[in-house]
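A.B. asks: have a look at this prediction, sequence included:
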Amino acid sequence: MSIQPGDTGRCPHCKVSARFEMVQIIGGGNSFGQHRDVGFMTLSGYRLNLLAASCPACGQPIVTATVIVEPNKQITSVDTLLWPDTAAHPVPQEVEAAAPTLAADFREAVAVFTKSKKASAALSRRCLQHVLVHKGNAKSRDLADQIDEVLRTLPPEIADNVDAIRHVGNFAAHPMKSKASGEIVEVEEGEAEWILDVLEELFDFYYVAPAQAAARRDALNKKLSSVGKPPLKTVSRLP
């Protein structure tokens, strides 16, 4: 998905939602001007158009290759994010520690995103299935059924976003996304980005928040122990 000045969305650098701004293209000497895109043409007549915008939050440039124009004027859509070369989706250390295979698949889904959104979405669906089975305790085999099983156990705002994966991905038209989640199939506009974003929400819910809560309890228990008081009881252990 190309990012151009005037668009609103999440910055691939800092992930802050913003309205993207125009950039200045600087030439030789001190000349510059405000532009949306710039084209490069070879002696053979091939042209590559680059689209540039900037994030007002972090100030960094975002560059997308948009189209290639051949000498016969045939236009091929490219729509490839060039910089940053991968969207900002770091793997939380809690996921790295608890599920290294999941972390590796997620990193790969992020790494191939700019090259193949089909491949990225396939890896992300596999990550989603891993989380739903190992953390959400889903028992079904199909991804769509696993989503149904887990929705009621999630906070409403996360449940709505997980449920939307089926609609954004148009599972009805592409049943292989549910039956063989890792298959590389056609993706809908915005689908690959959406699954990555939802996975980050699930990482926070299932891995990051519990680990942080446990660390806070451990720290408080140490203080209680130092003054001769019993440790905290957890809800699951109350009689």
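C.D. replies: Happy to help now that I have it.

A.B. asks: does the spatially most central residue of the chain belong to a helix, a strand or coil?
C.D. replies: In the chain, the centroid-proximal residue (Cα atoms, centre = their mean) is residue 196; its distance is 2.9 Å. What DSSP: H, G, I helix; E, B strand; the rest coil gives for residue 196 is helix.

A.B. asks: if I pick it, what's in contact with it?
C.D. replies: 87, 89, 109-110, 113, 120, 124 (Cβ atoms under 8 Å, 6 or more residues apart in numbering). All C-beta spots, glycine's among them, are computed from the backbone N, C-alpha and C.

A.B. asks: now do residue 127
C.D. replies: 102, 105-106, 109, 199.

A.B. asks: let's go with 10 Å and repeat that
C.D. replies: 95, 99, 101-109, 181-182, 195-196, 199, 202-203 (Cβ atoms under 10 Å, 6 or more residues apart in numbering).

A.B. asks: any idea of the pLDDT on it?
C.D. replies: pLDDT for residue 127: 97.

A.B. asks: same question, residue 201
C.D. replies: For residue 201, the model assigns a pLDDT of 96.

A.B. asks: that one is in what secondary structure piece?
C.D. replies: Residue 201 belongs to helix 191-203 when elements are defined using DSSP states H and E.

A.B. asks: how about that helix: buried residues?
C.D. replies: 191-200, 202-203 (16 or more other Cβ atoms under 10 Å).

A.B. asks: which one of those is nearest residue 61?
C.D. replies: residue 193 (19.4 Å; Cβ to Cβ).

A.B. asks: what about that closest one, distance to residue 220?
C.D. replies: 39 Å (Cβ to Cβ, to the nearest Å).

A.B. asks: just the strands from the chain, written as ranges.
C.D. replies: Applying DSSP state E to the chain gives strands spanning 8-10, 17-19, 23-26, 32-35, 37-41, 47-54, 61-69, 75-83.

A.B. asks: can I get those strands in JSON lines with mean pLDDT?
C.D. replies: Output for those, formatted as JSON lines (pLDDT from 0 to 100):
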{"stretch": "strand 8-10", "mean pLDDT": "85"}
{"stretch": "strand 17-19", "mean pLDDT": "87"}
{"stretch": "strand 23-26", "mean pLDDT": "60"}
{"stretch": "strand 32-35", "mean pLDDT": "58"}
{"stretch": "strand 37-41", "mean pLDDT": "79"}
{"stretch": "strand 47-54", "mean pLDDT": "85"}
{"stretch": "strand 61-69", "mean pLDDT": "86"}
{"stretch": "strand 75-83", "mean pLDDT": "80"}
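
A.B. asks: so which of these is the most surrounded?
C.D. replies: strand 47-54 (a mean of 20; mean count of other Cβ atoms under 10 Å).

A.B. asks: what's stretch 200-212 in contact with?
C.D. replies: Counting by Cβ under 10 Å, 6+ apart, 15, 89-99, 102-103, 106, 127-128, 131-132, 134-136, 150, 153-155, 157-158, 161-162 sit against stretch 200-212.

A.B. asks: and those residues, which are buried?
C.D. replies: In the contacts of stretch 200-212, the ones that pass as buried (16+ other Cβ under 10 Å) are 15, 89, 91-92, 94-96, 98-99, 102-103, 106, 127-128, 131-132, 135-136, 150, 154, 158, 161-162.
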